[in-house]
Structure formats: C-alpha cells, structure tokens
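Undergrad: All I have is the shape, not the residue letters:
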C-alpha cells in the first residue's frame, strides 16, 4: 500500500473583474430603482410620468431590453473546462484513424481545405487500389496504375469512376449535403471503393470478423478468460452508449491553471425584464403583481450570481493505491481523498484524477464532484486494470466554482516530490505460453531440432555411404555386410539448432489497438515474443531479443534457461517496451544498421509487429534480402467499424502479400484465439 | 470503463423535480400546466443528453406556461412557486450538463447537484418572497411611474452585469 500527499500548487488567481468597474451604470441603475421604490412607498412623491409616455412605452422598453439579452445569450459562448479522457489508455490509436480524420477533414473548414483533404484521401485510395490490382491480377505496378486510371480495375462502375481523375463528386454539392446533415457523396463513394477493395483483396472478409473483445491479454495461453474478465464486475450495461469513441484526446492541458467565465447565466436578467414588461403591456393601469413577482424571482437568481464570489482553490489531494504491486491484467483500487484546506466553503468542487496513461479504468470513475466545507474531506475510488510496467500518476485536475458558477477555476494539483515512488503502480508482467514455434531451415552447427539436408547422426534416414575409419559401430549397415561383405555406413538427417533473434516492433506505430480502451498491439507483441522465446529455447535453439524502437535494446542470442529469464526481464522492464508511447520517432536506417551488426551471420529473425505501416515491411524485406530469413508474427489489432479502419484492414492484407512475395513467412494472429492455433494454420500454409 | 458524456438518470431526476413541484402550483390554470410540463419534458431530455440549448429551450417553454398563468390572473403566491420551480430546474439542468460534459455519467455528483438545487431554491424564494411581501404591504398594484423607474434602473444594472 502506498500513500502520497499532494499539495496545492500556488498561483496568482486570475483577476476577476468587478461591478465597480462600471460605476456609472451601476450608480444610475440603483438610483432609478430607488426612485421607483419611493414611488411605491409614498404615492405622489414622484410625478406620474406614465400619462406622458403611456404603458406601451414601458412595455416596449422592457421587450427591447429582453430582446437584446436573448441575442446576447445566443451569441455568447458557454465555456467550461474540458478535462482529458483519462479513462482510456493514453496515445493508443485505432488503425485507420488518420484516414477517418482525413475524411472528416473533407467536410470541415474552408473550401480550399476540403478540396485538399479530398485530394489526399483520393491518393490513398488510388494507392490501395493499385496494390490490390497488382496483387490480384498478378501484373506489374505500372500496369495496375493504368487500370486504376482508366477505371477497369473493378466491375463496380461507381467505384471505378471515383478513382479516375475525371469525375469526383462536386465539393460544393457535398458542402450543401453535409450542412443539412446528410452523408457527403464523397464519403459514400469512399465507402464503396473500400468495400470493393476488401472484396478483391485476398484474405479480407469483414462479415466473417467478430469485433475483438480486446479486453485482456489472457488469451495467449489458450485459456478463454478474455471475455469473462471483461464482463465480470466491470461495465454491466452493454448498450451502444458504452462504446468508446473512435479517437480520444488523452493529452492533458499542461498549463498549471486557468480561470474562465462560464457565461451560464447570460440573458437571465433579460428574461426577467421581458416578464415584467409583458405584464406592463397587458395592463391598462397599474402593473399586475403576479408577473412582477415572477420577474423578481428571476432577478433573485441574478442577484445571487453576482453577489457571490468564487472561492480560491484551497484543496489537497491524497491518493492511495491498493495493492500497488500487481500482476498484469489484475485490478487495483485507487482511492482519492480531497480535502478543503482553506477557510471558505467550496460549493462546487470537481476532481478528475490523473490516471497514468498506461492504465485503463475498468470500474467506477476517476471523476468526482462534491461540495466541501472548510477542513472537510471527501473520498472516491475507482479500479484500474494493470498493464505491464511502472505507472506514475499525473496531477489531478481540480475545478472549483462558486454558488453562481459564473467563474470556474481550474488547477493541476501535483503529487509531492519527496516520495515520488509512493503513488506509482508497479505491475509485473505475466506472460505465459508454451508452443512449438517453427523457424526457417537456417541453422547453426549445433545439435538442435531443425532437420537439415546433411547426413550424419540423427533419427530420420538420409543416405548410405562407404565406411570410413572411426564411424560409430551403431551406424554400420550390418545387413549390407552380411549380403555383400562390404562395409557401409548409414547416414541420418542431422538435426541442427537455429539461432533466432526475436525483434519486437516498439515504434510509435506499434501503439495501436482495435478500440481506444483496448490493450495496445505492443502488449500482444510482448506476450507473443515471450512465448516465442520460451518455446525456441525449450527446443534447444539459441535465442536473442531486440527492440525495433528508438530506445536501444538488445540481448545477444544464447541458449539455456538463464536466457529465458534474461529475455523475460527485458520484456517486462526495458524502457524500449514501456507501456507509454515513445516520444521520439524511429529512424529506420541508423537503428537498422546497428541491429544488423549485432545479428550473428547465421541468425534468422522472428519479427513481431502489428504490421500497420509500410516502413516495417521495408525493414523486414531488407533483413530477409540480406540473408537473415524473417518470420513475421503479427497480432491483428485492426477494426472494421469505420471506413478508415476497413481501409487499414485492406492495406494490412496487402502488406502480407508483399511480405509473402519476398519469401517471408507470416503468422497472422487473431488475438481472440491462442497463438498456437495461428502458428498451426500458418504452418499448414507453409508446407502446402 | 468508457467515458460517456451523458447525465446519470438520478441527476436528471434531481434537475426536473423542482420544476414538477412548482408546476403543481399551476393546477388552477390547466393550459399553463400543460405547457409548463411540456417544457420540463424538453428540459429533462436536454439534460439527459447533455444538450445545453435544449435545456434552455425547455426552460423558456416552461416559463412561458407560468407567464401565461400570470397574465390570466393566477395568484401571485402560486406564480412565485411555479417560477421558482422552473428557474431552479433550468439552472440545475445547466449544472448537470456541465457535470456530464466534464465528469461523465459514472462519476458521483449527487452532493454537488443537491447543493446547487438548495442554493438556487433559497435565492429564488427569498427574492420572490420579498417582492410578494412588498405587494401585500402596499395592498394594490404598482403605480406605472414607479415601474418606469424600476425598469430603467434594472436595464442599466443589467448592462453593467453583462459587461462584468
């Protein structure tokens, strides 16, 4: 159990403007009201000016005032703090999200921007169409480009026309369509093209796919606990509202604090004026009391709003994590206590806890609202699902409002520095698996399990050769000796060990998931890598481990059980495999050369990657071409809910084709099933 | 657990309840009662879906019902109660929408809403009560001259408020 206290971060309160800044208006207004009250209290003390102006004028003044106030309400902005989506894992994107953003861009902003976004989107579609056509028709890229340009790549005319340069739907018409809330023609055509591409591309079938539950990484060992974990005690409702958005912004506003006007009462006094004025219009002599009372009621709220102050943010936050050390996939409970350390009542206090980016909230809410008297505390709790690594909590966001809520003060409340470890959650990786992972027939000169085409000692018969001095007695062909009297030696196929380097894709682009609240591809990759390392070592191969990441991580290939522990240790705690997405981009060439230098010449590579971009394809092909046979193990983290996501599925399938053409073996792993079955079906394909 | 920027049903109930209680005061004017209830229904829907504009439109419709009752000569005391109810509901609806946008459906927010309802209820009833008491003390309608001055003063104060 760890305990941490946080203190209020002091800062200058943003200056609040005051009614006294407009003393002429306020003074004049109060004077007029006083004269009015005098006229009521002592009839006759004020000349009856109504005879000169008439009740209509009274009403008109009121209605015009009210109209102005209503106008003010409609044009004024209602503003409030927008805390980040801390419930979700930080920085996880759904493959295809950038294309969806591009499609949204075609319906937003200036006309020029829309046209530009359309061009870019069309370019992406054409590229995909060329790749699919070249693959399926088995023609060179240039010929495929020609087919796409002339529109003969598919039977679907609408889809074909869309990609020819001539007839893209008018941007102006679409502007009108989207303004009235209809789907743009561009969107509709894009959908159609992607559907056509999916139909043509090998191995893509949207109907056949079940949405990945993607809740835990438990599926690796072959147990089917993933779904059970997801439903137990967590979200009970399963309505459409519970679906997470396709993209979330989890990046917190880094500023230490802001005060902003919420504008929530704008126009209320105008409505009050309108009510009173309506009463005046309706009466011939004196004002009827009922509507004046109604107006006064409304003014009462306005008075409250302007009479009360927004209290200062005098709040401390204490956080308790229990237990602080857990296994991956387990839950841990976070209890947050907020205390009002000041002397003022805080009528409206809102807290959004700084959930670490690598953790996902599975029960309860890290958000809370209450009212706090001075010295009092309030407590709330929520549960997070632990993922591998060490997670540090961010500052809590605190929002304070007064009774009226006209001003909102937003602050970050940081954890105290003296015991920074205290509020961390440490999660040990729990990645268990055992399966026979096949490797290419490239071997080291040691005994192992890869059957070679060389004769020697072994089990499977290879050939017979002339006896040489020193051949073991057990391999002399006694039958032949009996038959012909000649000595001969039986040769068996030698079984050699392989040297395998397992490379894990941990670039920024590996932080993808089928849903923003699902584990990132990297988690599946690490589980797979652990599994591969374990099973290769068990088979007597010598295994190394490395990261394709801006962070350098390399474990030279060796055999034995010690290597298993060393590899596990790296997978669990090396910064290259951090649960948070790296900030730096991966510079392919430099890192690649460094990796190649480390690889033994007889090594082969198992590359674990979600395969959601083209750079990694080039990387794999390059390694393969340089004599390091590559096997790609790819957890499938694509989704099919939006157009962009479906395009991403097609593009990934095309990457498979490109890799296969280069002679690279592929294990396409549907993460809902155990890795063994993916390996098994891949093996059938290789031997076929 | 996903973040859902909607209001919890309990929050919506807390927001609409004062309006419904106030609407009971409109029982002598059935047309007004119906209009106000329709407005409150809109307000509830807007609150549930975290749509500020719908909440405001609902509040205006509900208030329109009250004003019609006032024009038809409903007792001042009853108008006061109905107005207070509608204003509290509208204000709480806005408050709940703000909470829903910032904290979502699953956060615990009841205390914050309860404090808001209490504060605004007291403010409206006190202000309306003072006005009603002064009417009862004077014993008749307000002279129009007084109305002109009060309105002019209020317009000036209003401008000062909005500029603030």
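TA: Noted; the coordinates are in hand. All of these numbers come straight from a predicted model, not from anything done at the bench.

Undergrad: Show the contacting residues for residue B:98.
TA: A:80, A:262, A:264, A:405 (CB atoms under 8 Å, 6 or more residues apart in numbering or on different chains). (Each C-beta comes from the backbone N, C-alpha and C, glycine too.)

Undergrad: Repeat that for residue B:115.
TA: A:347-348, A:371.

Undergrad: give me the element it is part of.
TA: Applying DSSP states H and E as the criterion places residue B:115 in helix B:110-138.

Undergrad: Repeat that for residue A:390.
TA: Using DSSP H and E, residue A:390 falls in strand A:389-391.

Undergrad: The closest residue to chain A within chain B and residue B:83, how far apart?
TA: Here the residue of chain B nearest chain A is residue B:127; by CB to the nearest CB that distance is 2.0 Å. Separation of residue B:127 from residue B:83 (CB to CB, to the nearest Å): 10 Å.

Undergrad: Any idea how many residues pack against residue A:317?
TA: Using other CB atoms under 10 Å in any protein chain shown, residue A:317 has 24 other residues around it.

Undergrad: In a helix, it, correct?
TA: No: applying DSSP: H, G, I helix; E, B strand; the rest coil, one finds residue A:317 to be strand, outside a helix.

Undergrad: what sits against it?
TA: Residue A:317 sits in contact with A:6, A:336-339, A:351, A:353, A:396, A:398, A:413, where contact means CB under 8 Å, 6+ apart.

Undergrad: what about the helix or strand containing residue A:684, distance to the chain center?
TA: For residue A:684, the enclosing helix or strand under DSSP H and E is helix A:675-687. In terms of CA atoms, centre = their mean, to the nearest Å, the gap separating the centre of helix A:675-687 from the centre of its chain is 30 Å.

Undergrad: looking at the contacts of residue B:115, which has the most residues close by?
TA: Counting neighbours by other CB under 10 Å, residue A:348 leads the contacts of residue B:115 with 28 neighbours.

Undergrad: From residue A:334, how far out is the nearest residue to that one once chain neighbours are set aside?
TA: Nearest residue to residue A:348 in three dimensions, chain neighbours excluded: residue A:401, at 3.9 Å (CB to CB, 6 or more residues apart in numbering or on different chains). Residue A:401 sits at a distance of 25 Å from residue A:334 (criterion: CB to CB).

Undergrad: Which residue of those two possesses the greater neighbour count?
TA: residue A:401 (27 against 24).

Undergrad: roughly how far apart are the more buried one and residue A:511?
TA: 36 Å.

Undergrad: Residue A:96 too?
TA: Using CB to CB, we find residue A:96 at a distance of 14 Å from residue A:511.

Undergrad: hang on, residue B:134 packs against residue A:36?
TA: No: contact criterion CB atoms under 8 Å: residue B:134 and residue A:36 do not qualify, at 11.5 Å.

Undergrad: Tally up the residues packed near residue A:82, please.
TA: Residues near residue A:82, counting by other CB under 10 Å: 11.

Undergrad: dump the residue contacts of it.
TA: B:101-102.

Undergrad: Most proximal residue of the stretch 501-650 of chain A with respect to chain B?
TA: For the stretch 501-650 of chain A, CB to the nearest CB, closest residue to chain B: residue A:517, 6.2 Å.

Undergrad: where along chain B do the helices fall?
TA: B:9-24, B:30-48, B:52-71, B:76-103, B:110-138, B:144-163 (DSSP state H).

Undergrad: Quick one: closest of those helices to residue A:487.
TA: Nearest of the helices of chain B to residue A:487, taken as CB to CB: helix B:76-103 at 88.5 Å.

Undergrad: hmm, back to that, now restrict the contacts of residue A:317 to buried residues only.
TA: For the contacts of residue A:317, a burial check counting by 16 or more other CB atoms under 10 Å in any protein chain shown picks out A:6, A:336, A:338-339, A:351, A:353, A:396, A:398, A:413.

Undergrad: With pLDDT, distance to residue A:173 and secondary structure as extra columns, can I get those residues in JSON lines?
TA: Putting these into JSON lines (pLDDT from 0 to 100; distance: CB to CB, whole Å; DSSP: H, G, I helix; E, B strand; the rest coil) gives the following:
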{"residue": "A:6", "pLDDT": "35", "distance to residue A:173": "55", "secondary structure": "strand"}
{"residue": "A:336", "pLDDT": "89", "distance to residue A:173": "52", "secondary structure": "strand"}
{"residue": "A:338", "pLDDT": "90", "distance to residue A:173": "54", "secondary structure": "strand"}
{"residue": "A:339", "pLDDT": "90", "distance to residue A:173": "59", "secondary structure": "strand"}
{"residue": "A:351", "pLDDT": "91", "distance to residue A:173": "48", "secondary structure": "strand"}
{"residue": "A:353", "pLDDT": "88", "distance to residue A:173": "48", "secondary structure": "strand"}
{"residue": "A:396", "pLDDT": "87", "distance to residue A:173": "49", "secondary structure": "strand"}
{"residue": "A:398", "pLDDT": "90", "distance to residue A:173": "48", "secondary structure": "strand"}
{"residue": "A:413", "pLDDT": "83", "distance to residue A:173": "51", "secondary structure": "strand"}
